[in-house]
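S.K.: below is the sequence, then the predicted model.
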Amino acid sequence: MNILRKRTLSRRTLLRGAGSMLALPWLEIMAAPAKEAPLRSVFMFVPGGVNHDEWLPKTEGADYQPGKTLAALAPVRQHVLVLSGLNARHGEVGANGHPLGTAPWLSSAPLNDKDRGGYCTDISVDQLIANQVGKDTRLPSLELGCDSDSRSMHETNISWRGPASPMGKEFNPQDIYNRLFADPKADVYRTSILDAVREDAKRLSSQLGGIDKEKIDEYFEAVRSIERRIEFASRHQLENPPEIKLPSGVPPDYLEHTHLLTDLLVLALRTDTTRVSTFMLNNEPGRASWNEIGIREHHHGLAHLDPRTAEGRDKLDKLQRIDQAYVEIFVRMLQQLAALPEGEGTVLDHCQVVYGSGLTWGRLHNRDDLPLLLAGGGNGMIRGGRHVRYRGEAFADLHLAMLRNAGAQIERTADSKAPLRGLA
């Protein structure tokens, strides 16, 4: 009996002749089975908590009734899980509530295991996933943000390579595009610096004792790792990078800026340039104003209003409008991913995307019942269109479920107990 085995063709395949190359259009044979499609993991952070009264659905299940804010999910509702009742690092204490919610949002550090700045940072969930899948892509991970201010490390970073060692983030659209698609070997400055470091390290190593020699060898290995990444990226250079119209600098209009960054993130995911990304829609504790939607007050100030006061009752609707504006950015990105065919589904089917804040109510600095959304199909792990109510399980249980789904066999992270159930 003859067995017909389905073959696939790389999307990067070129027809080659004598001195000529011709790119192919998308063909059915290029479609890998859904189970073979790469899983992408994205973590989208919003600052300051939310107006929780207008966020939390009143009912559970597939027929949940969204409040004002989550009504904005309507165009992508079938792709999104609303998660409530999850607590972040319950029982942990710290000096300031805002960095206490932001810095450890994805951190794997055990409770109250603090870095030198007094907050619990260690390698973050995104980087644990990047360590598992990053070897297969041009960039192991992509860190994005809409605010260039990095003065307060624990309010401006959610991605960490280790304790008090942030990954940093990119915010200039042109720089991000260049990092994604430019020829790394054209970066003469970077490669020449690496050559210089190599020679200096060799000379220095011969003059050092045992412990220092180990340290310099570790440093040298890190340099070699960068060189290998550059070489890997050059081999995976797209013949025809996607075109996108970009400004020379950072747009002054916030929504234009965020839309450009989400467009670039979608490009990075669809071209398999990276499979892991974090995106801080703003630093903690929030923007100075939201003129784009007619709000002049500081987000932080609005988040601290008490609904029991006359001012709170009068102005908390503005906090809800900010929450909704952030959700609409998220929705726009999901719509783009859902419109991209891939294999037997779409790119969104092969994503697990977390959206949320490190605080529940900004005024309370609390982290119980966090506002969280989980979108995409997760290669079968996620069944959207529902509100799932938990009973105090750890946010880290969701981290653990996502880690396992990405192939990282981590036993536990932070205060996790078991991979979160009820997602599919």
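M.R.: Okay, I see it.

S.K.: show me the strands in the stretch 201-350 of the chain, by range?
M.R.: Applying DSSP state E, counting those that start in this stretch to the stretch 201-350 of the chain gives strands spanning 276-280, 341-342, 345-346.

S.K.: could you dump these to JSON lines with mean pLDDT?
M.R.: Putting these into JSON lines (pLDDT from 0 to 100) gives the following:
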{"stretch": "strand 276-280", "mean pLDDT": "98"}
{"stretch": "strand 341-342", "mean pLDDT": "92"}
{"stretch": "strand 345-346", "mean pLDDT": "95"}
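
S.K.: looking at those, which is closest to Ala396?
M.R.: Smallest distance to Ala396 across the strands of the stretch 201-350 of the chain (C-beta to C-beta): 16.3 Å, for strand 276-280. Every C-beta, even on glycine, is put in place using the N, C-alpha and C of the backbone.

S.K.: each with direction, which strands does the closest one pair with?
M.R.: strand 40-46 (parallel), strand 142-145 (parallel) (DSSP bridges).

S.K.: between those strands, which gets nearest to Ala103?
M.R.: Between these, strand 40-46 lies closest to Ala103; by C-beta to C-beta that is 11.0 Å.

S.K.: what pLDDT, on average, does the closest one get?
M.R.: The pLDDT scores in strand 40-46 average 98.

S.K.: tabulate the CA atom coordinates of it in CSV.
M.R.: Taking C-alpha atoms only, strand 40-46 is exported to CSV below (Å, rounded to 0.1, in the frame of the first residue of the first chain):
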residue,chain,number,x,y,z
ARG,A,40,3.9,32.8,19.9
SER,A,41,3.8,34.3,23.4
VAL,A,42,3.0,37.9,24.0
PHE,A,43,2.6,39.8,27.3
MET,A,44,0.9,43.2,27.1
PHE,A,45,1.0,45.4,30.2
VAL,A,46,-1.1,48.5,31.1
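
S.K.: how far does the helix or strand following it sit from the chain's center?
M.R.: Later in the chain than strand 40-46, the nearest helix or strand by DSSP states H and E is helix 52-55. Remark: helix 52-55 is offset 24 Å from the chain centroid, using C-alpha atoms, centre = their mean, to the nearest Å.

S.K.: so how far is Leu265 from the spatially closest residue to Leu340 that is not a sequence neighbour?
M.R.: In this structure, Leu340 finds its nearest non-sequential neighbour in Val347, 4.2 Å apart by C-beta to C-beta, 6 or more residues apart in numbering. To Leu265, Val347 is 11 Å away according to C-beta to C-beta, to the nearest Å.

S.K.: how much space separates Leu255 from Asn178?
M.R.: 23 Å.

S.K.: ditto for Leu83
M.R.: From Leu83 over to Asn178 (counting by C-beta to C-beta), the distance is 36 Å.

S.K.: which of the two has more neighbours?
M.R.: Under the criterion of other C-beta atoms under 10 Å, the comparison of Leu83 against Asn178 puts Leu83 first, with 25 against 16.

S.K.: and that one, helix, strand or coil?
M.R.: strand (DSSP: H, G, I helix; E, B strand; the rest coil).

S.K.: so it touches Tyr390, yeah?
M.R.: Yes: in this structure Leu83 lies within contact range of Tyr390 using C-beta atoms under 8 Å: 6.9 Å.

S.K.: what stretches of the stretch 1-150 of the chain score poorly on pLDDT?
M.R.: 1-35 (pLDDT under 70).

S.K.: quick check: pLDDT value at Leu348.
M.R.: 98.

S.K.: without its sequence neighbours, what residue ends up closest to it?
M.R.: Leu337 (3.8 Å).

S.K.: who touches the one you found in this structure?
M.R.: 266, 269-270, 346-348, 351, 376 (C-beta atoms under 8 Å, 6 or more residues apart in numbering).

S.K.: next, the residue nearest to Gly378 when sequence neighbours are not counted: phi, psi?
M.R.: Spatially, and ignoring its direct neighbours in sequence, Gly378 is nearest to Gln352 (4.2 Å; C-beta to C-beta, 6+ apart). Main-chain torsions, Gln352, degrees, to the nearest 10: phi -130, psi 110.

S.K.: what's the neighbour count on Gln352?
M.R.: Counted with other C-beta under 10 Å, Gln352 comes out at 24.

S.K.: again, but for Ala164
M.R.: 17.

S.K.: and the spatially most central residue of the chain, what is it in contact with?
M.R.: For the chain, Thr278 is the residue whose C-alpha lies nearest the centre (C-alpha atoms, centre = their mean; 2.1 Å). Thr278 is in contact with 42-45, 106, 124, 126, 141-144, 158-159, 167, 169, counting by C-beta under 8 Å, 6+ apart.

S.K.: farthest pair within those residues?
M.R.: Pairwise across those, and taking C-beta to C-beta, the largest span is found between Met44 and Met167, at 15.4 Å.

S.K.: of those two, who's got more company?
M.R.: In terms of neighbours (other C-beta under 10 Å), Met44 is the more surrounded of Met44 and Met167; the figures are 23 against 18.

S.K.: who's in contact with that one?
M.R.: 278-279, 281, 330, 353-356.

S.K.: distance-wise, check it relative to Val354.
M.R.: From Met44 to Val354 the distance is 7 Å (C-beta to C-beta).

S.K.: re the thing from before, can you flag the buried ones in the contacts of Thr278?
M.R.: In the contacts of Thr278, burial by neighbour count holds for 42-45, 106, 124, 126, 141-144, 158-159, 167, 169, counting by 16 or more other C-beta atoms under 10 Å.

S.K.: among those residues, which one sits closest to Lys315?
M.R.: Phe45 (24.1 Å).

S.K.: what is the neighbour count of the nearest residue to the closest one once chain neighbours are set aside?
M.R.: Of all residues not flanking Phe45 in the chain, Met280 sits nearest, at 4.8 Å (C-beta to C-beta, 6+ apart). Neighbours of Met280 under the rule other C-beta under 10 Å: 25.

S.K.: which residue is the nearest non-sequential neighbour of Asp113?
M.R.: Cys120 (5.6 Å).

S.K.: that neighbour against Val93, yeah?
M.R.: No: contact criterion C-beta under 8 Å: Cys120 and Val93 do not qualify, at 10.1 Å.

S.K.: these two - which one has more neighbours?
M.R.: Higher neighbour count among Cys120 and Val93: Cys120, with 22 against 10, using other C-beta under 10 Å.

S.K.: give me the common contacts of Cys120 and Val93.
M.R.: Asn112.
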